[in-house]
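Colleague: Quick one, what's the 3D model for this:
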Amino acid sequence: MEKNGVKQPKLVIKEGAGETTSLLGKEGFYAVANSRNPGIYPYYHGKTKPEVDQFPGACHKYFRIYSQAEAFIEDWKNSYADVYRREIKAKLDQGFRPPNIKLKFDILQANAEYDISEDIIKMIEKLIFEE
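Modeller: Alright, predicted model coming up:
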């Protein structure tokens, strides 16, 4: 990972993060961060399962608290955006300026053929920078 410019991940455990087991008689929340229709779903076997099974690289997790599900999706979006932030920052350090940095964001569009979890480096390679 380091040779591709990705630093080692750091473990961040938020307060209440361990409280994800279902409570007796209570329903939970399924946070789907990466799929055709990201969002928070009340049941896995319903709308959630097809979103996860039919989308390569789907990112999802069960939570018993709605705010945890929301935080999970926000954390995923921030992690995803960090890939771009690092690359843009590196180009700015090399002397590029915003008018010279042209980015193609079609790679952000969800499609079944692209699995982000298998090859995040492809995202960086698709960024276009002009000198």
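Colleague: buried residues in the longest helix seen in the chain?
Modeller: Criterion DSSP state H: the longest helix present in the chain is helix 66-93. Neighbour-count burial for helix 66-93, counted by 16 or more other CB atoms under 10 Å, picks out 68, 69, 71, 72, 73, 76, 80, 83, 84, 87, 88, 91. All C-beta atoms are positioned from the backbone trio N, CA, C, and that covers glycine.
Colleague: ok, now which ones touch the closest residue in space to residue 34 that isn't next to it in sequence?
Modeller: Using CB to CB, 6 or more residues apart in numbering and skipping the chain neighbours, the partner closest in space to residue 34 is residue 59 (4.0 Å). Going by CB atoms under 8 Å, 6 or more residues apart in numbering, residue 59 touches 32, 33, 34, 35, 76, 117.
Colleague: Which of these scores worst on pLDDT?
Modeller: Note: of the contacts of residue 59, the lowest pLDDT belongs to residue 117, at 49.
Colleague: quick one on the thing from earlier: check which helices and strands the longest helix of the chain sits against.
Modeller: Applying 3 or more CB pairs under 8 Å, 6 or more residues apart in numbering; DSSP states H and E, one finds that helix 66-93 contacts strand 29-34, strand 39-41, strand 59-63, strand 101-102, helix 121-125.
Colleague: So for the shortest one, mean pLDDT?
Modeller: I take that to be strand 101-102. Averaging the model's pLDDT scores along strand 101-102 yields 66.
Colleague: same deal with the last one?
Modeller: Per-residue pLDDT over helix 121-125 has a mean of 57.
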